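Engineer: Could you work out the structure for the sequence below:
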Amino acid sequence: MSNAPHILVIDDELQIQRAIRTILTEKNFKVITASKGEEGLTLAATNEPDIIILDLGLPDMDGVEVCGRLREWTQCPIIVLSVRDSERDKVAALDAGADDYLTKPFGIEELLARVRVALRHSARTKNTQSKVITAGALTIDLVWHIVKRENEEIKLTGTEYKLLSYLASNHGRILTHQSILTHVWGPADANHTEYLRVYMRQLRKKLEVDPERPEYILTEPGIGYRFMADE
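Structural biologist: Numbering: from 1, shown residues only. Just a heads-up that it's a prediction; the model follows:
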C-alpha cells in the first residue's frame, strides 16, 4: 500500500465518505477524508494526494472556492462530486480548476473510470508530459506540430493546431468554452463561442471518420469539450 495512489475525499456526507473509501480501498487506493473545506485544504498541503475528490456543498465554504484555492499552488487532478447538476455549477467548478465533474448519485464503475483518467493526468503532471498523443488512428506530435491519421499527415491551420494541441494536451479533462477561447484566442474573445463552433466543425471534418459522430473530440453539452486519447 505504500506505493498505492493517494486520494483525498472532501465531502461532509459521511455515507458518501464511507462509500467512496470502501470502493477505492478495495481497488488498492489509499484514502483520507475531510468533512470541511479548510480541513481538506490542510490535508491536501500536508499529504500531497494524487487525486482530490471534492463536494461543492461544504459546511464552511463553497467547493468552488476550495477548488480555486487549491489551484493557487497545486495541479493535482480534482474530480468534483456534487448533487448540483446545472450547467452553471459545472462551468463554475471547471473554470475554477476542476478536471472533471460527476453528479450524485453516481455509479461505481463511472467513478472508477474518472479516477483512472485523473491518475493518468496526475502522472503526466508529476512527470514529463508525453510529447506524442495517440487517439485511435490519430497521432499528434506536440514537439514537431505534426498530426497524422494512419501515417498520413493532416494539414491544419495555425489556429486549428493550437486548438487541437490544447485539447490533446489536456486529454480526458473537460475544458470549458471560456477556457478554450481564452487559451486559443485570448481573454478578449472568451465569450465568442461562435469562433469555437466554427473551428471545432472544421477540425472534426479533418480528424474524425464521421464528424457527426465524433470519437476523439466529444461535446459536453452547454459546458465545453473533452478530447479522448488512448490510455
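
Engineer: For the residue in the chain sticking out farthest from the centre, report the pLDDT, please.
Structural biologist: Here the chain has its C-alpha centre computed as a mean, and the residue farthest from that point, by Cα atoms, centre = their mean, is Glu152 with 29.3 Å. Here, the pLDDT recorded for Glu152 equals 94.

Engineer: Then the one 5 residues further on?
Structural biologist: What the model reports as pLDDT for Thr157 is 94.

Engineer: Please work out which residues outside the longest helix along the chain touch it.
Structural biologist: Across the chain, the helix with the greatest residue count (assigned by DSSP state H) is helix 108-126. Where contact means Cβ atoms under 8 Å, 6 or more residues apart in numbering, the residues beyond helix 108-126 that reach it are 5, 7, 20, 23-24, 27, 29, 50-51, 75-77, 79, 81, 99-100, 102, 130, 170, 172-173, 231. (Each C-beta comes from the backbone N, C-alpha and C, glycine too.)

Engineer: Please identify the buried residues of that helix?
Structural biologist: Neighbour-count burial for helix 108-126 flags 111, 114-115, 117-122, 124 (criterion: 16 or more other Cβ atoms under 10 Å).

Engineer: go on, stretch 223-231?
Structural biologist: Neighbour-count burial for stretch 223-231, with 16+ other Cβ under 10 Å as criterion, is recorded at 223-229.

Engineer: Type out the ChimeraX command that picks the buried ones from the contacts of helix 108-126.
Structural biologist: Taking 16+ other Cβ under 10 Å as the burial criterion, the selection of buried members of those in ChimeraX is written as:
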select :5,7,20,23,24,29,50,51,76,77,79,81,99,100,102,130,170,172,173
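
Engineer: Sort out for me which of the contacts of helix 108-126 are in helices.
Structural biologist: 20, 23-24.
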